[in-house]
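S.K.: Dropping a prediction and its sequence here:
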Amino acid sequence: MRAVRLFLVTLRISLQNEMAYRTDWFARLAQSLVGIGTTLGAFGIVFSHTDSLAGWTLDESVALLGVFYIVTGLIHTICAPNMSLIMRDVRDGTLDFLLLKPVNSQYYASIRRIVLFRMTDVALGLIVVSVALRRLAGGIGAVDAILFLVVLTCGMIVLYSIWLALVTTTFWFVKIVNIEEILWQALEAGRYPIDIYPRWLQYGLSYLIPIGLVITVPSRGLLGQLDLRGVLAAVALAAGTFAAASAFWRLGLRRYSGASA
């Protein structure tokens, strides 16, 4: 209950901070609309010459684009801002203030800042997904919806765990901005089905930085192309990577010197 109350307090404070800069919301909304529009335009050009792209139809690709915006919206809302704060605090030696709080340090470090206006991307993604699914089959079944949510959650946990592990290396190397940029570039590749990329890149986006699990696999769940075995594998992978990242975080904390050192 303490963790829930802490999250709600953080949510309220974040909302108050966001309301002080409401104009930013319109700029972010315009940026997202331009991004969706240009990608849909690219799809229109490609599918004017073919019926499928690596096995994906136009409507299926549009559904994947919607999932991409849902995922990136969630990342920009809570994951990316807090990972940046961790790196800054370690670099400046101000992580002490976080460690002194009577709450799990990893949990608090992961929820300190919530950029609520970026939920606009999530809303736009849901709209795009809804339109695509209506064109495909008139909607989505309850089982497929549940599988989609489970796999999407697992994918987000895996991405969070990898990101946290990279950020934890700050305890040793201080500046890893360039390493973090690799994640952003890999995430941008998820705007399209990973099946369209060369084999070596598909491997990298599936196993090294599993963008496929975060975006392409949940999209297959929306389309009714997932089985229980794949879902269980995603759950196991999420649990394993989260446990490993948490252990690495605790190891990194032992390396931290603090501002007074």
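M.R.: Yep, that arrived. Numbers count the residues shown, from 1 in each chain.
S.K.: Buried residues, the lowest-mean-pLDDT helix or strand in the chain. List them.
M.R.: Within the chain, no helix or strand scores below helix 177-189, which has a mean of 76 by mean pLDDT, DSSP states H and E. Residues of helix 177-189 classed as buried by neighbour count (16 or more other C-beta atoms under 10 Å): 180, 183, 186-187, 189. Placement of C-beta: from N, CA and C, glycine included.
S.K.: What lies in contact with that helix?
M.R.: Contacts of helix 177-189 with the rest of the structure, by C-beta atoms under 8 Å, 6 or more residues apart in numbering, involve 71-72, 75, 83, 87, 159, 162-163, 166-167, 169, 197, 201, 204-205, 209, 211, 214.
S.K.: Any stretches of this protein with poor pLDDT?
M.R.: Across the chain, residues meeting the criterion (pLDDT under 70) sit at 20-22, 137-139, 174-179, 258-261.
S.K.: what ranges do the helices span in it?
M.R.: 2-19, 23-47, 58-74, 80-92, 96-99, 105-111, 119-137, 142-168, 170-173, 177-189, 199-203, 211, 217-222, 228-255 (DSSP state H).
S.K.: Show me the residue at the heart of this protein, geometrically.
M.R.: In the chain, the C-alpha closest to the average C-alpha coordinate belongs to Ile75, at a distance of 4.0 Å (C-alpha atoms, centre = their mean).
S.K.: gap between that residue and Ile157?
M.R.: Spatial separation of Ile75 from Ile157 under the definition C-beta to C-beta, to the nearest Å is 12 Å.
S.K.: do the same with Leu149
M.R.: From Leu149 across to Ile157, the span is 13 Å (C-beta to C-beta).
S.K.: neighbour-wise, which of those two wins?
M.R.: Ile157 (20 against 12; other C-beta atoms under 10 Å).
S.K.: Quick one: residues contacting that one.
M.R.: Under the criterion of C-beta under 8 Å, 6+ apart, the contact list for Ile157 reads 238, 241-242.
S.K.: Name the nearest of these relative to Ser52.
M.R.: Distances from the contacts of Ile157 to Ser52 were compared by C-beta to C-beta; the smallest belongs to Ala238, at 30.5 Å.
S.K.: Can you tell me how far the closest one is from Ser84?
M.R.: Remark: distance between Ala238 and Ser84 (C-beta to C-beta) = 23 Å.
S.K.: If you count surrounding residues, which of the two has more?
M.R.: In this view Ala238 and Ser84 are compared by other C-beta under 10 Å, and Ala238 has more residues nearby, 22 against 14.
S.K.: residues contacting the more buried one?
M.R.: Counting by C-beta under 8 Å, 6+ apart, Ala238 makes contact with 153-155, 157-158, 161.
S.K.: try Val115
M.R.: Residues touching Val115, when contacts are defined by C-beta under 8 Å, 6+ apart, comprise 14, 18, 76-78, 81.
S.K.: May I ask which of these has the most neighbours?
M.R.: Ile78 (25 neighbours).
S.K.: need the contact list for that one.
M.R.: Taking C-beta under 8 Å, 6+ apart as the criterion, Ile78 is in contact with 110-111, 113-115.
S.K.: Lovely, talk soon.
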